Each structure stands twice: as structure tokens, then as C-alpha cells.
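Asks: sequence and predicted model, in that order:
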Amino acid sequence: MDLTFDLSLSASYENKSQIARVLTESWVEKNIFCPSCGDYLSNYKNNKPVADFYCASCKEDYELKSKQNSMGKKIVDGAYSTMIDRLQSNQNPNFFFLNYDVKKFQVNNFIVIPKHFFTAEIIEKRKPLAPTARRAGWVGCNILMSQIPESGKIYFIKNQQHEDKSVILNNWSRTLFLRDSKTAQKGWLIDIMFCIERISKKAFSLQEIYAFVPYLKTKHPDNNFIEDKIRQQLQVLRDKGYLKFTTRGNYEVI
Ligand SMILES: [Zn+2]
């Protein structure tokens, strides 16, 4: 895989953000396949507002955001209200995040975040633009990368090393069950996946997950049965093939 951008494409542009757009989009079109089915991607062209790429085979949509130099903890995105509307109507696209070295015009990291990992909790409202700004009062949003579990950040390229296609397709399919979950349950499942990852072990015990009760209580202050809820979510994750029960009170991520 060629990690460098085709600079010849930028010759007819002067505006820096336009140049970045042209270079990153053409790189994605050439190098990135659909993580859902493995087929090639097409560019929507003409600034379709909902997404930048689509897969003609499985109909998944993808929006591309890119960032220079470091990955950062937040990704700046568009209007806050549009994002929340999309989440509520289930019309948000999947999300590609391209991180590149601006001096070398080279890709460092490329991630896809499946749309089912998007919840209102990972969307941060920015301050309205100042009255003196051209779009005074406009409110944008940030995507909080640190609030998304690692299983929701599927790497195509990590520190310039590319991942095998079969691994990417498998990483995509193993969390698809979240699409069938209602919003409230999905939030809980994602919270529990997040806690499991914090333990940083493939095999873990119920007691280790219970250590996160105070953390989960801050996220769900009205729930007085957090431990019951944890066990229930672990059962759902087992039924969906995300983990297995080994012995009583012991689990293993598949
Ligand atoms: Zn596809």
C-alpha cells in the first residue's frame, strides 16, 4: 500500500483546505476498501452532505475526516444539531479518520469507526462562534475519541503499518450486533465493552468488572442495580458472540 499522497492532483488548487480535501479523498479512493464487505469504494463527488464515500455492493456510507500530525483526543466535526439529528434518526454514516504527516504528505493512521458506536455521549458541543465571526452563533461539535472503546476504532493503518484485510473485516463484523440494540441498551453494552478493555486482559472475572461499579454509577446515577445490569450485559455480549463464559464468574473475550 502506498502511504503517500499524489501531489500532482493538487496543482490546480491554491486553497489549503481544498488541497487537503483533494489529496486525502483521492488517497482513500485508491487505497481503502469497504470494511463491511471488502469491495471497492466510490466517491460521492459533488459534496453530498451526508457522506463522502459509499459502497455500491453493501450500501454503507462513509464520511471522511482528516487531521494533520498528531491524532489528538477529539476530532472537530460539523454542526452539533445536524449530528444529533442524524444520530436520532439513525442516518449517520460510518466514519473514516485519516491522520497524516503534513510535511511528508504521508498517512500515519487510518481508522474506521462504525456508525453503531456513535452515541450522544461521544459528541461534545462546542462554544457558539463569536458575534464577530462570519457565521456568528453557529455551534459545531467534537467527536470524543477517548470515549469510544478500542473495538470501535478499527485500524486499516496504525503508525504506518497496515492491517490484514481479513482482520479488518472480522473486526467490523464482531460488533455489528450493536446495530440491533435499542439506544439505551446500546449505551450499556458500549460502557461494558469499554470497562472490559480497561482490564486489558483477554480473560477476566466478574469481580474485576465490578471494580467499575463506581465509574458506571457516575454514568447511570439513577440505576441502583448496577451489578445486576453488568451481569445482564455480559450475557448479551456472550449471546452475541463477543465473549464467552469459561467457568463460573469468569469470562473471555473472543
Ligand atoms: Zn461494502
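Replies: Sure thing, it's come through. No experiment lies behind these values; they were computed from the predicted model shown.
Asks: who's in contact with the nearest residue to Val22 once chain neighbours are set aside?
Replies: Nearest-residue entry for Val22: Leu9, 5.3 Å, with adjacent residues in sequence omitted and distances by Cβ to Cβ, 6 or more residues apart in numbering. C-beta coordinates here come from the backbone N, C-alpha and C atoms, glycine included. Listed by Cβ atoms under 8 Å, 6 or more residues apart in numbering, the contact set of Leu9 reads Val22, Leu23, Ser26.
Asks: just Gly140 next, same as before
Replies: Val76, Asp77, Gly78, Ala79, Tyr80, Arg126, Leu129.
Asks: so how do I select the buried members of the residues you listed in ChimeraX?
Replies: Here is the ChimeraX command that selects the buried residues among the contacts of Gly140 (16 or more other Cβ atoms under 10 Å):
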select :77,80
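Asks: farthest pair within the contacts of Gly140?
Replies: Asp77 and Leu129 (14.8 Å; Cβ to Cβ).
Asks: bridging residues for Glu124?
Replies: On DSSP bridges, the residues paired with Glu124 through beta bridges are Asn142.
Asks: count of neighbours near it?
Replies: 14 (other Cβ atoms under 10 Å).
Asks: from Arg179, how far out is it?
Replies: 24 Å (Cβ to Cβ, to the nearest Å).
Asks: ok so, going back, pipe the contacts of Leu9 into a markdown table and attach secondary structure and pLDDT per row.
Replies: Output for the contacts of Leu9, formatted as a markdown table (DSSP: H, G, I helix; E, B strand; the rest coil; pLDDT from 0 to 100):
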| residue | secondary structure | pLDDT |
| --- | --- | --- |
| Val22 | helix | 91 |
| Leu23 | helix | 93 |
| Ser26 | helix | 93 |
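Asks: top of those residues by number of neighbours, please.
Replies: That'd be Leu23 among the contacts of Leu9, by other Cβ under 10 Å, with 21 neighbours.
Asks: quick check: chain neighbours aside, which residue is closest to it?
Replies: Phe5 (4.1 Å).
Asks: measure that neighbour to Ser70 for me?
Replies: With Cβ to Cβ as the criterion, Phe5 and Ser70 are 18 Å apart.
Asks: where does pLDDT dip in the stretch 1-150 of the chain?
Replies: Scanning the stretch 1-150 of the chain for pLDDT under 70 picks out 46-49.
Asks: the same query, at a cut-off of 50, please.
Replies: For the stretch 1-150 of the chain, no stretch has pLDDT under 50.
Asks: quick one, strands of it?
Replies: With DSSP state E, counting those that start in this stretch, the ranges of strands along the stretch 1-150 of the chain come out as 42-43, 53-54, 61-68, 74-79, 94-101, 106-113, 123-125, 140-144.
Asks: just the CA trace of the fifth one, in PDB.
Replies: If I follow you right, that is strand 94-101. C-alpha atoms of strand 94-101 as PDB (Å, rounded to 0.1, in the frame of the first residue of the first chain):
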ATOM      1  CA  ASN A  94     -19.700   5.400   9.300                       C
ATOM      2  CA  PHE A  95     -16.700   7.500  10.000                       C
ATOM      3  CA  PHE A  96     -13.200   7.400   8.400                       C
ATOM      4  CA  PHE A  97     -10.500   9.200  10.200                       C
ATOM      5  CA  LEU A  98      -7.200   9.800   8.400                       C
ATOM      6  CA  ASN A  99      -4.200  11.200  10.200                       C
ATOM      7  CA  TYR A 100      -1.300  12.300   8.100                       C
ATOM      8  CA  ASP A 101       2.200  13.800   8.300                       C
END
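Asks: and the contacts of that strand?
Replies: 5, 24, 27-28, 32, 35-36, 52-53, 60-71, 75, 106-115, 118, 143.
Asks: give me the sheet partners of it and which way each runs.
Replies: Per DSSP bridges, strand 94-101 is paired in its sheet with strand 61-68 (parallel), strand 106-113 (antiparallel).
Asks: right, so those strands: which one is the most enclosed?
Replies: strand 106-113 (a mean of 21; mean count of other Cβ atoms under 10 Å).
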